[in-house]
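*Asks:* Return a 3D structure for these sequence lines:
(chains A, B, C and D)
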There are 4 protein chains.
Amino acid sequence: MIIVMKHHAPDEYIQAVVDKIRAAGLSEHVSRGTERTIIGAVGDERVFSPDAFELMPGVERAMRVVKDYRIVSREVHPADSVVQVRGQAFGGKAIQIIAGPAAVETAEQMAQCAELVKAGGCRLLRGGAFKPRTSPYAFPGIGVAGLEQLRQESRRHGLPMVSELLDVRMLETFLGLDVDMIEIGARNMQNVGLLKEVGRINKPVILKRGPSATLTEWLMAAEHIAAGGNHNIIFCERGVRSFEPSYRNMLDLSSIPVLKRETHLPVIVDPSHAGGKAWMVPSLAKAAIAAGADGLMLDIHPDPANAWCDGEQALNPQDFRQLLGELAALALALGRTLA
Amino acid sequence: MIIVMKHHAPDEYIQAVVDKIRAAGLSEHVSRGTERTIIGAVGDERVFSPDAFELMPGVERAMRVVKDYRIVSREVHPADSVVQVRGQAFGGKAIQIIAGPAAVETAEQMAQCAELVKAGGCRLLRGGAFKPRTSPYAFPGIGVAGLEQLRQESRRHGLPMVSELLDVRMLETFLGLDVDMIEIGARNMQNVGLLKEVGRINKPVILKRGPSATLTEWLMAAEHIAAGGNHNIIFCERGVRSFEPSYRNMLDLSSIPVLKRETHLPVIVDPSHAGGKAWMVPSLAKAAIAAGADGLMLDIHPDPANAWCDGEQALNPQDFRQLLGELAALALALGRTLA
Amino acid sequence: MIIVMKHHAPDEYIQAVVDKIRAAGLSEHVSRGTERTIIGAVGDERVFSPDAFELMPGVERAMRVVKDYRIVSREVHPADSVVQVRGQAFGGKAIQIIAGPAAVETAEQMAQCAELVKAGGCRLLRGGAFKPRTSPYAFPGIGVAGLEQLRQESRRHGLPMVSELLDVRMLETFLGLDVDMIEIGARNMQNVGLLKEVGRINKPVILKRGPSATLTEWLMAAEHIAAGGNHNIIFCERGVRSFEPSYRNMLDLSSIPVLKRETHLPVIVDPSHAGGKAWMVPSLAKAAIAAGADGLMLDIHPDPANAWCDGEQALNPQDFRQLLGELAALALALGRTLA
Amino acid sequence: MIIVMKHHAPDEYIQAVVDKIRAAGLSEHVSRGTERTIIGAVGDERVFSPDAFELMPGVERAMRVVKDYRIVSREVHPADSVVQVRGQAFGGKAIQIIAGPAAVETAEQMAQCAELVKAGGCRLLRGGAFKPRTSPYAFPGIGVAGLEQLRQESRRHGLPMVSELLDVRMLETFLGLDVDMIEIGARNMQNVGLLKEVGRINKPVILKRGPSATLTEWLMAAEHIAAGGNHNIIFCERGVRSFEPSYRNMLDLSSIPVLKRETHLPVIVDPSHAGGKAWMVPSLAKAAIAAGADGLMLDIHPDPANAWCDGEQALNPQDFRQLLGELAALALALGRTLA
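*Replies:* Numbering: from 1, shown residues only, chains lettered A, B, ... in the order given. A predicted model of the protein is given here:
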């Protein structure tokens, strides 16, 4: 902790800060500058909150020196972590594509999607069974039946299944159906109860970024999961809220180099939810891979114009196939492979 | 629904849109302009999503005409609603102040806070028992014991009690302890499971604005609660995420005139969480009242420098008393009273 | 300057930082903590940029301790400054209302506005002659003729005149017409050439906040003016860009307590441009005053529905009169007067 | 223009809207829906502002149907435009790299940079002579001497020169020195006087995006230039202001597919100013190219740790060479070439 005193703070105020540091079992370094006195607290600064100092008379501000995240930080674990999902590796040389419908609608639609995914050479199948919706009158997903249809196609094609968990009360159902990878959606990034529950299991978790989460808050949300014992975490960038009205979210690809520096865990990108428009997906998907992402999560639909949910952002079969071809060329140029 | 066709969209594309409108049992008005053809769908447009049209060839964009919220909208219910909380009215002439500690720490601290609240003439007592925290290593609140201490002081002084519910699994406990008013925090504004559960009970609910929620999303979150049958909802503005680093959130007082126009439900403001600094609270609290808020939610603490949580934003007893005096004068000038 | 070294940075890296500090004529304090070594540079840190250290091996980050603004800072000048505009004081007990049309249209419209301003008891008259517009096809103001009409009404009623200067090449014209107070608009807050020019004259300057300027950037823009010798600066908050679509800008009233703490100069608020809707103005105007603003800048128009520019945000005569009455009552309750 | 009437708006209000439309020489289509009446104005809607209708009684809102930009829009000019800069084409198959120092410091530094640029196979040389700075005490560039040094190296190596114009009063100097491509910086994107002046010359203009400009505002700023007759405009995305503190700006690569759809003009990206950190540049530069950018603008410096300005974001010679190699491979995979 560094405590910066106000201009001309009297000695008694400086002494009070020193006393507080010592009372917590730490020691201090006092540096008297020409304009400000600066005090460093030496020892485990996590015993203090900066608030505790900023409320003392004569203190201008107090700053943490050490970051709050530990288990997920690259400082603690310098090498890249590889997360295994039923035989598929995230965080290695291969770029993983998770594809499928935003919402499972019918057995037929789910089967068509799974065939597209398999034929395209992708290795993981997604499907939404429970959909978080802004409106109480919008289609909420078909629920457990959707998970079951997803599971049937997953097992038929040997594609690990991925689905979003919205509510702690559904975790047992997800585990009972052996969902291979659990997605925590953007709206739930700081749903601490849910984070703690998926921290207690050993399934890989995709943690989407909250719509206005800073990178530190996102890393701390992962730390909530990791603190429970589950270190199989994959970050998924999906854009943040912005002032620009022409797309749904502003995809923040700068998050990729920062996360790669701050954490050892894999990072993937969801270009479908970011832009919210199918015609933007190829551009954003290629950019994500070039920026260093370890994978993508793509919305596809056999007939987007008649999708029950988010049709505008789903790739149709033809565009999906074309994008996969482009991504494969790109992956090679980047020294990676498209799984 | 208004569908704007692209420049020079051929007749067959226009016809396809018309066919789709008719197929859903609605009728159309086609307006051929010099640059664009515009098609209006007449009937209950909620049967369509704009997506369904935007994916059709020749369509530039499609727009809803009717808003998605109904029960909470002023259009449906033009008169102001007054929400009663154990005899205290929100949304009438009186401005209600809810005050108490961000976190209940000890029986003594809770008792001191309750006395301050009572002595100051405020009518409702708050206290945090379960705290959502960014870090898994931060103080999470003392839990049920905190609720019990809050309840004891509430009943001793005749001040209805208010506390935040984080997790659906705790709802029974809240009901068992007869918490008078349940707060849904900013991080949970779109936690649909939680919204649905509080929609099924008959307790008043304070719905805080999510950190980057638009006003429409906030109104829709309230609609999730209202759709379950509970119309006792109070909006609480608490600031939104911004680029400005000198305070925690940017308090958005423009939300007050907009909400007053769009909904019949009461609106209050939390200036403590907004700025995150006690020295900003008086300025923001007064501004909130002048902007038209029906109440305030204030963090207080007998000794902020030693608070276990959020001390930097808590008013100390002296500043709290002074602020209440200023607010009373202001309320009079505004033709209201300070409850 | 505080330099935080990386975990386990070797001694040679620490020594290189120390050498650089000494080479600039400053001295160092080295504080070796359990996790990080922290080095403080003692002396005038403005000789360094933090960049210079952050690029050195082993350095995690470097931070300024002293703020970059000096002349405008309250630290240098603790007492409130009062800025005089042809006999009207900003920054004292009186709350000043500057009112007039967004754009001068005709002699008659300008005369009607001036009468409304005078009759309402306001003390300063504004009128836009040059309008910065997003579109090259939008009405750009009537130019010098507008300034002349504004001047005529200003002198007739004894109301100091205020108008926006867009371009350095027009400064001589403004001075020739003896414009009493020059407004630098939001789009020009960082137009350094313009700031320098108004820094060389002795007319009071209203400096509006840029649409996404941090408070520090705004203070630094004022410092650009002040560094030229002109200290007659008044800050004008007018809202910032946000994600919310229901109003033009998000009025940031938290800026008022922060500016009051950081600078000795007056602060006013423009609620008309903030919300962009006349029906929001009364709520925001009252909130601004209650938050501690020293004045307001209001758009009015005798017939808003037929205004040539920004009609939607102009108060009509009746609403303007009513608002002035409400503001007078509010000012009294706040211990101030409405000038 | 589409005018949506309020629920149950009486006939007289509808008639008033119709009368206003007719008075302007347009005709109307009235569509009476179950909940709302919608009125379309047929003819050149640019004669109206939506405000003019929104202020009429009974009107809920009014919306433009046609976009405000014309010359720069792809609707008017469907094919891609190629902008020639002294023999170098922007907007064709080749990806153009503009590189050089953020600020020209000395003849030697400029010469070293030019050699790096030439050796790397880049085709355009940049150098900042006039620097817009947040602080009046920061290094403002060396001025005309810098332009002259840039010019000398430009001509020696046959690399067209690019430099930023801050002030209308310097335009003659830029033309006199035959600067090949004029950059309008982010802070000046809405400096209308400057836009108009560069609209009157025939030099190519790089128009950077303002820090919080929407894409429509950016397109309109280009329209300001184009309306003067200069259609040689290249857009440069450089990131926008955001809430994330770990980098300077949030690079918005979603702007690329949107601009490619809305305008026929080329788009380049400045990854150096976006992130503000040299270690982020390779990731962002590759992402920009993959997203579809027609070029990049890169900060380089022979010795970043001793740069006079923005050293933290400049690539050193080694990292610059490595990035160029990676970009060449990427360009091939994308079916383009690295010029």
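
*Asks:* what sits up against the helix of greatest length in chain A?
*Replies:* Longest helix of chain A, by residue count under DSSP state H: helix A:317-333. Where contact means CB atoms under 8 Å, 6 or more residues apart in numbering or on different chains, the residues beyond helix A:317-333 that reach it are A:95, A:97, A:99, A:116, A:119-122, A:278, A:281-282, A:285-286, A:289-290, A:296, A:298, A:300, A:302, A:315, A:337-338, D:290, D:329-330, D:332-334. Every residue, glycine included, has its C-beta placed from N, CA and C.

*Asks:* of those, buried ones?
*Replies:* A:95, A:97, A:99, A:116, A:120, A:122, A:278, A:281-282, A:285-286, A:289-290, A:296, A:298, A:300, A:302, A:315, A:338, D:290, D:329-330, D:333-334 (16 or more other CB atoms under 10 Å in any protein chain shown).

*Asks:* list the buried ones in the longest helix of chain A?
*Replies:* Those would be A:317, A:319, A:320, A:323, A:324, A:326, A:327, A:329, A:330, A:331, A:333, for helix A:317-333 by 16+ other CB under 10 Å.

*Asks:* Do a quick rundown of the helices in chain A.
*Replies:* Under DSSP H, chain A gives helices at A:11-23, A:50-54, A:107-119, A:144-157, A:171-176, A:192-199, A:215-226, A:255-262, A:271-275, A:281-291, A:317-333.

*Asks:* Centre of the chain to the second one, how far?
*Replies:* Taking CA atoms, centre = their mean, to the nearest Å, the mean C-alpha location of helix A:50-54 is offset from the chain mean by 30 Å.

*Asks:* so what secondary structure elements neighbour that helix?
*Replies:* Applying 3 or more CB pairs under 8 Å, 6 or more residues apart in numbering or on different chains; DSSP states H and E, one finds that helix A:50-54 contacts helix A:11-23, strand A:59-63.

*Asks:* Contacts made by it with the rest, please.
*Replies:* Residues outside helix A:50-54 that contact it (CB under 8 Å, 6+ apart): A:1, A:3, A:17, A:20, A:59, A:61-64, B:305-307, B:310-312.

*Asks:* Residue B:311 versus residue A:48, what's the distance?
*Replies:* Here residue A:48 is placed at a distance of 12 Å from residue B:311 (CB to CB, to the nearest Å).

*Asks:* Of those two, which one has the most company?
*Replies:* Taking other CB atoms under 10 Å in any protein chain shown, residue A:48 and residue B:311 do not tie; residue B:311 has more neighbours (23 against 19).

*Asks:* do stretch A:247-258 and chain D meet?
*Replies:* Yes - for stretch A:247-258, a contact with chain D is found by CB under 8 Å from any CB of the partner chain, at A:247, A:250, A:251, A:252, A:253, A:254, A:255, A:256, A:257, A:258.

*Asks:* nearest spatial neighbour of residue A:81, skipping sequence neighbours?
*Replies:* Excluding the flanking residues, the one nearest residue A:81 by CB to CB, 6 or more residues apart in numbering or on different chains is residue A:264, at 4.6 Å.

*Asks:* mind listing what that neighbour touches?
*Replies:* By CB under 8 Å, 6+ apart, residue A:264 lies in contact with A:72, A:73, A:74, A:77, A:78, A:79, A:80, A:81.

*Asks:* go with 10 Å
*Replies:* A:71-82, A:91, A:231 (CB atoms under 10 Å, 6 or more residues apart in numbering or on different chains).

*Asks:* Tell me the residues of the stretch 101-250 of chain A that contact chain C?
*Replies:* Within the stretch 101-250 of chain A, the residues that sit near chain C (CB under 10 Å from any CB of the partner chain) are A:211, A:212, A:240, A:241, A:242, A:243, A:244, A:245, A:250.

*Asks:* burial of the last one, as a residue count?
*Replies:* With neighbours defined by other CB under 10 Å, the count for residue A:250 comes to 22.

*Asks:* confidence score at it?
*Replies:* pLDDT for residue A:250: 98.

*Asks:* That one contacts residue A:242, doesn't it?
*Replies:* Yes - counting by CB atoms under 10 Å, residue A:250 touches residue A:242, with 3.8 Å between them.

*Asks:* Now do the shared contacts for these two.
*Replies:* Listed as contacting both residue A:250 and residue A:242 by CB under 10 Å, 6+ apart are C:243, D:240, D:242, D:250, D:252, D:254.

*Asks:* of the residues you listed, list those near chain A.
*Replies:* Within these, those near chain A by CB under 10 Å from any CB are C:243, D:240, D:242, D:250, D:252, D:254.

*Asks:* Turn those into CSV, columns for distance to chain B.
*Replies:* Converted to CSV, these look like this (distance: CB to the nearest CB, whole Å):
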residue, distance to chain B
C:243, 6
D:240, 9
D:242, 6
D:250, 10
D:252, 14
D:254, 17
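
*Asks:* okay, those in a markdown table with distance to residue A:108 next?
*Replies:* Shown next, in a markdown table, are these (distance: CB to CB, whole Å):
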| residue | distance to residue A:108 |
| --- | --- |
| C:243 | 39 |
| D:240 | 43 |
| D:242 | 42 |
| D:250 | 41 |
| D:252 | 39 |
| D:254 | 33 |
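
*Asks:* re the thing from before, deepest-packed of the helices and strands packed on helix A:50-54, please.
*Replies:* Stretch with highest mean neighbour count among the helices and strands packed on helix A:50-54: strand A:59-63 (a mean of 18; mean count of other CB atoms under 10 Å in any protein chain shown).

*Asks:* Summarise which helices and strands that strand is packed against.
*Replies:* Packing partners of strand A:59-63 (3 or more CB pairs under 10 Å, 6 or more residues apart in numbering or on different chains; DSSP states H and E): strand A:2-5, helix A:11-23, strand A:37-42, helix A:50-54.
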